[in-house]
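A.B. asks: Whatever this is, show me its structure:
(chains A, B, C and D)
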Number of protein chains: 2
Amino acid sequence: MNKITIKTLAKELGISIATVSKALRDSYEISAETKQRVLNLAKELNYMPNPYASSLRKQKSKTIAVILPEVADNFFSLAINGIQSVAIAKNYHVLIYLSHENFEMEKEAILHCSSGRVDGVLISVSRETTAIAHFEKLKKENIPLVFFDRDIENFSAPKVITNDYECGEIAAKQLISNGCKNPIFISTSASLSISNKRFSGFISVLAKMGLPVNNRQYIIDNDNKEKLITTQIQQILEKNLHTDGIVASEEKLAIHTYQVCHKRGIKIPKDLKLIAFSTLETASILNPSLTTISQPAFDIGKNAAEILFAMIEKKRHIVQDDYTLILPSILIERDSTNKTLK
Amino acid sequence: MNKITIKTLAKELGISIATVSKALRDSYEISAETKQRVLNLAKELNYMPNPYASSLRKQKSKTIAVILPEVADNFFSLAINGIQSVAIAKNYHVLIYLSHENFEMEKEAILHCSSGRVDGVLISVSRETTAIAHFEKLKKENIPLVFFDRDIENFSAPKVITNDYECGEIAAKQLISNGCKNPIFISTSASLSISNKRFSGFISVLAKMGLPVNNRQYIIDNDNKEKLITTQIQQILEKNLHTDGIVASEEKLAIHTYQVCHKRGIKIPKDLKLIAFSTLETASILNPSLTTISQPAFDIGKNAAEILFAMIEKKRHIVQDDYTLILPSILIERDSTNKTLK
DNA sequence: ATGAAAGCGCTAACAC
DNA sequence: GTGTTAGCGCTTTCAT
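C.D. replies: Numbers count the residues shown, from 1 in each chain, chains lettered A, B, ... in the order given. So this is what the prediction gives:
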């Protein structure tokens, strides 16, 4: 089957390609009759404009990129949904890149976004990301960037995040008010701003309550094999026998903590109380049900995308570089932190 | 900052754009020295070729599309990972479209894939999909298509699926051998080939065992509000008080079944045994742990992508239109089907 | 080894 | 209201 281009239509109808182009775009210059003829033939032949020719000409790709650490975490799945919902409304296409929490891959992804491949990018940074040169390159190319959920402190761009510091406080309070004397905080990154904020909130409450503040933070190495996470958690627990509460900064860590506890006969919540930052759908049916601090993942994605489009559509003056939208998470109390259960 | 194009480089170096282009592509026609000069300057100026100009010229987009019913299901998250892993190795970009189980959206997505936007498409069909005109349009345009996980029967294209019929049998046997006399099968689509195969396997075992085969299949309407799923499951259970086992054809249905049971005080596995087609990470820590038939999601995605690339790279003769790769799922027995538990 | 030139399919300024 | 034309940035003959 031969390719149908504007030329085909023009030849077929005996008019110029310019006329066809204008007719297709419903230009006021073209007579109703000609438009009709063009549209009819286009439909008949299943004409679809070549997107790349148009992109090249207009210097606009009608696509955005989403760069994520991973897609297996429920948060990111929901965020993608939010992003897609607005992209589709804007008739945009979305390119997905996964950094797998790896800085080099993130850089690579950003690189792909330049030179006009996309009109804008949404990113949740990898846990290794501290440098900002790749973001600056984008800025130089005038490609709008907005952070969602996981941002980076020393680079200025709009961001849609949640109230991590407060949630850190809430987590600590939840554990302490349920009797924990020795709660700890586990995460997978020492540099991720989101983790640090959560930990800061957490530790501030311990301090306020007069609880010991040393050795409260544990970084789980998740760059190697999956298996190791449980081993590491188990070791932490063994070396800190007095630990009676855990705040898991990531969904995955909470799941692994359950597995360790099940295996080692550690009773949640009696021996150990657990609270997790997570949007896990199964939280309520876990054994025991898991107390979570749940992020508005869909809305974070949606709002980030909306801001991005505002920038793309050159309503740029509306969006300051330091614009920050904070969508609060909510605490959902369940059994894993309940002081009266065994 | 001005855009850096081949022209910039050429002018700067005092050579022609043709030479620059060839040097960048490491053509044998160009002297080592010139190549070096070009490469150096390119690096210095951060030159990135315009992907769309190149696509337009070469009639190749270096991107593939992945069309999914949704991304919240763990299976699809894993599959995306598999797909990405091969796309990245091939230096391809991946466009994501979500059908949200809606046929119109799927058609729309497929439409976007035509006219050269992508070099190939991977799809897991929506549960509403029975028509095939949109696929045929793709085929006419010579855009390779491969199905993964959820295929469609009356359209011939390579597919990577799992052994659904056998798994339906396995599910039935698992329930029956653990004492179920009245198991039912729940899914969300009456037309989805994958569900039907599972059900066929399931019912064949009931028949063989001499168990009643009428009213064994229940279709849950999942097109409206999320809430309703539990209501529907509850109603099924209330109207069929003798039901003592459920095969959930989808992860989500299993989760909702748990919720109903928790709420109504129905004890799993004592009152009701449950087995689910699912890759849920939390299956082992649910209350009770969930027996699953687990799909090799990552590998399904990966293999589908590999086949797609074989087709894109015109090793097309290698891939027949009716090529079917079946990657078996595995049964993981856990407490939700255990006959001796309460 | 290098360059001139045509053209991928489309848009838009400018004629007529 | 319609057509001519000049590119967008790149690749690829074909000359030289």
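
A.B. asks: A:A190 - nearest residue in space that isn't next to it in sequence?
C.D. replies: Nearest residue to A:A190, sequence neighbours excluded (Cβ to Cβ, 6 or more residues apart in numbering or on different chains): A:I219, at 5.1 Å. C-beta: built from backbone N, CA, C; applies to glycine.

A.B. asks: My guess is that neighbour contacts A:L192. True?
C.D. replies: No - here A:I219 lies out of contact with A:L192, judged by Cβ atoms under 8 Å, at a distance of 9.9 Å.

A.B. asks: For chain A, list the residues in contact with DNA strand D, please.
C.D. replies: Proximity of chain A to DNA strand D (Cβ under 7 Å from any atom of the strand) is limited to residues A:14-19, A:22, A:27-31, A:33-34, A:53, A:56-57, A:59, A:115.

A.B. asks: In helices, which of those fall?
C.D. replies: A:I17, A:A18, A:T19, A:K22, A:E33, A:T34, A:A53, A:L56, A:R57 (DSSP state H).

A.B. asks: The closest residue to the fourth one other than its chain neighbours: neighbouring residues, count only.
C.D. replies: Distances taken as Cβ to Cβ, 6+ apart place A:I30 nearest to A:K22, at 5.0 Å, with adjacent residues excluded. Using other Cβ atoms under 10 Å in any protein chain shown, A:I30 is surrounded by 20 other residues.

A.B. asks: again, but for A:H262
C.D. replies: 15.

A.B. asks: correct me, but it touches B:P288?
C.D. replies: No - assessed by Cβ under 8 Å, A:H262 is found out of contact with B:P288, at 11.6 Å.

A.B. asks: So for the two, which residues contact both of them?
C.D. replies: Common neighbours of A:H262 and B:P288, using Cβ atoms under 8 Å, 6 or more residues apart in numbering or on different chains, are A:N287.

A.B. asks: picking up where we left off before, and the residue nearest to A:K22, what is it in contact with?
C.D. replies: A:I30 makes contact with A:T19, A:K22, A:A23, according to Cβ under 8 Å, 6+ apart.

A.B. asks: Tell me the spacing between A:E128 and chain B.
C.D. replies: Distance of A:E128 to chain B, computed by Cβ to the nearest Cβ, to the nearest Å: 17 Å.

A.B. asks: Can you check the pLDDT for that residue?
C.D. replies: pLDDT, A:E128: 93.

A.B. asks: the helices in the stretch 151-300 of chain A, which residues?
C.D. replies: For the stretch 151-300 of chain A, the helices defined by DSSP state H, counting those that start in this stretch occupy A:164-177, A:193-209, A:228-239, A:251-264, A:297-312.

A.B. asks: which bits of the stretch 201-342 of chain A sit near chain B?
C.D. replies: Within the stretch 201-342 of chain A, the positions adjacent to chain B are A:255, A:258-259, A:262, A:280-282, A:284-289 by Cβ under 8 Å from any Cβ of the partner chain.

A.B. asks: for those, which one is nearest A:P328?
C.D. replies: The nearest member of those to A:P328, counting by Cβ to Cβ, is A:L280 at 18.4 Å.

A.B. asks: Tell me how many other residues crowd that closest one.
C.D. replies: By other Cβ under 10 Å, neighbour count at A:L280 equals 21.

A.B. asks: Can you name the residue of the stretch 51-200 of chain A nearest to chain B?
C.D. replies: Relative to chain B, the nearest point of the stretch 51-200 of chain A is A:S115 (3.6 Å; Cβ to the nearest Cβ).

A.B. asks: Surely that residue and B:P49 touch.
C.D. replies: Yes - contact criterion Cβ under 8 Å: A:S115 and B:P49 qualify, at 6.6 Å.

A.B. asks: neighbour count winner among those two?
C.D. replies: For the pair A:S115 and B:P49, the greater number of neighbours falls to A:S115 (21 against 16), based on other Cβ under 10 Å.

A.B. asks: show me the contacts for the more buried one.
C.D. replies: A:E141, B:M48, B:P49, B:N50, B:P51 are the contacts of A:S115 under Cβ under 8 Å, 6+ apart.

A.B. asks: mind redoing it with 10 Å?
C.D. replies: Applying Cβ atoms under 10 Å, 6 or more residues apart in numbering or on different chains to A:S115 gives the contacts A:141, A:143, B:3-5, B:46-54.

A.B. asks: Which secondary structure elements does the host helix or strand of A:L39 sit against?
C.D. replies: Using DSSP states H and E, A:L39 falls within helix A:32-44. If contacts are counted by 3 or more Cβ pairs under 10 Å, 6 or more residues apart in numbering or on different chains; DSSP states H and E, helix A:32-44 sits against helix A:6-13, helix A:17-24.

A.B. asks: Which neighbouring elements make contact with the last one?
C.D. replies: Think helix A:17-24. Checked by 3+ Cβ pairs under 10 Å, 6+ apart, helix A:17-24 has helix A:6-13, helix A:32-44 packed alongside it.

A.B. asks: how about the ones you listed in a markdown table, adding mean neighbour count, mean pLDDT and distance to B:G245?
C.D. replies: Listed next are the helices and strands packed on helix A:17-24 as a markdown table, based on neighbours: other Cβ atoms under 10 Å in any protein chain shown; pLDDT from 0 to 100; distance: least, Cβ to Cβ, whole Å:
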| stretch | mean neighbour count | mean pLDDT | distance to B:G245 |
| --- | --- | --- | --- |
| helix A:6-13 | 17 | 92 | 60 |
| helix A:32-44 | 14 | 91 | 52 |
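
A.B. asks: hmm, back to that, nearest to B:V213, of the residues of the stretch 201-342 of chain A next to chain B?
C.D. replies: Nearest to B:V213 among these: A:I285, at 30.7 Å, using Cβ to Cβ.

A.B. asks: Test my guess that A:S85 contacts A:N303.
C.D. replies: No - using Cβ atoms under 10 Å, A:S85 is not in contact with A:N303, being 11.0 Å away.

A.B. asks: For those two, indicate the residue with more neighbours.
C.D. replies: A:N303 (20 against 16).

A.B. asks: Provide the count of other residues in contact range of the one residue in the stretch 151-300 of chain A that gets nearest to DNA strand C.
C.D. replies: Closest to DNA strand C within the stretch 151-300 of chain A is A:P158: 27.4 Å, counting by Cβ to the nearest atom of the strand. Neighbourhood size, A:P158 [other Cβ under 10 Å]: 23.

A.B. asks: Likewise for A:S99?
C.D. replies: 24.

A.B. asks: Touching, A:I184 and A:L253? I think so.
C.D. replies: No - taking contacts as Cβ under 10 Å, A:I184 lies outside contact range of A:L253: 11.4 Å.

A.B. asks: Find the residues that touch each one of those two.
C.D. replies: Common neighbours of A:I184 and A:L253, using Cβ under 10 Å, 6+ apart, are A:Y218, A:I246, A:V247.

A.B. asks: Most neighbours among those residues, which one?
C.D. replies: Among the shared contacts of A:I184 and A:L253, A:V247 has the most neighbours (other Cβ under 10 Å), with 32 neighbours.

A.B. asks: how far away is that residue from A:I194?
C.D. replies: Relative to A:I194, A:V247 is positioned 13 Å away (Cβ to Cβ, to the nearest Å).

A.B. asks: Ok, A:G179 next?
C.D. replies: In terms of Cβ to Cβ, A:G179 sits 28 Å off from A:I194.

A.B. asks: The two: which has the busier surroundings?
C.D. replies: Using other Cβ under 10 Å, the more surrounded residue of A:G179 and A:I194 is A:I194, with 24 against 14.

A.B. asks: hmm, back to that, bridging residues for the residue nearest to A:A190?
C.D. replies: Beta-bridge partners for A:I219, by DSSP bridges, are A:S187.

A.B. asks: Next, count neighbours for it.
C.D. replies: 17.

A.B. asks: Quick one: residues contacting it.
C.D. replies: A:R127, A:F185, A:I186, A:S187, A:T188, A:S189, A:A190, A:S191, A:L192, A:S195, A:Q232, A:S249.

A.B. asks: make it 8 Å
C.D. replies: Contacts for A:I219 (Cβ under 8 Å, 6+ apart) come out as A:I186, A:S187, A:T188, A:S189, A:A190.

A.B. asks: Give me the pLDDT for the last one.
C.D. replies: What that stands for is A:A190. With respect to pLDDT, A:A190 scores 93.
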